[in-house]
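Asker: Need coordinates for the below:
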Amino acid sequence: MAATVKTLIENNGELYWGTRHADPGYHYGLSLDVVENGLVARVVYVMSDLDDNDEPLVTPETLVSCYHVEDLPEHGIVISDLMEEDDDAVGWYCVEESFFDKDDVEALQRSNAQLGGHLDIVLQIMTISADEIAAGMPSLDEVSFFDLLAELEGIAENIDNGKLKKPLPFTFHLIGDALLGWQFADEADWR
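Answerer: Predicted coordinates:
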């Protein structure tokens, strides 16, 4: 069974991985870290190098034991800044990290309304009631890994196309050189 948002919350801070059939050389990791003052969301992009038969060297099996970004180098996956420098790497990664402060929920709701629901899932998590938590968070059972991935990828897309501009109602930064997207915005502004 594929990971749900509920799974990500229950395994606070651990990465879960997915691959899209259309992009077999790319893997996507997600983690949610519920902290006292808010929510940290990480999207980790891994791009695989190819073997002599043009098959990806990084497979889902490679990533199954990578619960944190720090586990990636042990498997030959290095930060994307080193793409041109590390000939032994089997893959490269970058991270898009967002912090949503619980004190900024109203500003997040305004941004969400202006951009047609770009943070619906994040807000659903941040505004979940104590009763729902006690009941096992059933409203999050059907929200999939790929639903959340699409929402979090949308942050960078909205920044890149100019729909989201500083100051944001949350903290966002890019770790490493972007492996996908970022055609118009200056990556350096978001590190």
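Asker: what's the neighbour count on residue 25?
Answerer: By other Cβ atoms under 10 Å, the residues close to residue 25 number 16. Placement of C-beta: from N, CA and C, glycine included.
Asker: Next: the one 3 residues further on.
Answerer: Around residue 28 sit 22 other residues, with neighbours defined as other Cβ under 10 Å.
Asker: Number the residues from 58 up from this point.
Answerer: Sure, I'll start counting at 58 from here, so that last one is residue 85.
Asker: helix or strand for it, which one?
Answerer: strand 83-92 (DSSP states H and E).
Asker: Now the element after that strand, going C-ward?
Answerer: Past strand 83-92, the next helix or strand by DSSP H and E is strand 95-105.
Asker: Output the following helix or strand past that following strand as PDB - backbone C-alpha positions only.
Answerer: Following strand 95-105 in sequence order, the next helix or strand is helix 117-120 (DSSP H and E). Provided in PDB are the C-alpha atoms of helix 117-120 (Å, rounded to 0.1, in the frame of the first residue of the first chain):
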ATOM      1  CA  PRO A 117      13.400   2.200  -5.500                       C
ATOM      2  CA  GLU A 118      15.300  -0.600  -3.800                       C
ATOM      3  CA  THR A 119      18.300   1.700  -3.300                       C
ATOM      4  CA  LEU A 120      16.200   4.200  -1.500                       C
END
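Asker: can you give me the helices for the chain?
Answerer: 62-67, 117-120, 162-171, 177-183, 187-191, 202-217 (DSSP state H).
Asker: From residue 134, how far off is the residue most central in space within the chain?
Answerer: Nearest to the geometric centre of the chain sits residue 100, at 1.5 Å (Cα atoms, centre = their mean). To residue 134, residue 100 is 15 Å away according to Cβ to Cβ, to the nearest Å.
Asker: Would you reformat the helices of the chain as a markdown table and include mean neighbour count and mean pLDDT?
Answerer: Output for those, formatted as a markdown table (neighbours: other Cβ atoms under 10 Å; pLDDT from 0 to 100):
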| stretch | mean neighbour count | mean pLDDT |
| --- | --- | --- |
| helix 62-67 | 19 | 94 |
| helix 117-120 | 16 | 92 |
| helix 162-171 | 15 | 96 |
| helix 177-183 | 19 | 97 |
| helix 187-191 | 9 | 92 |
| helix 202-217 | 18 | 94 |
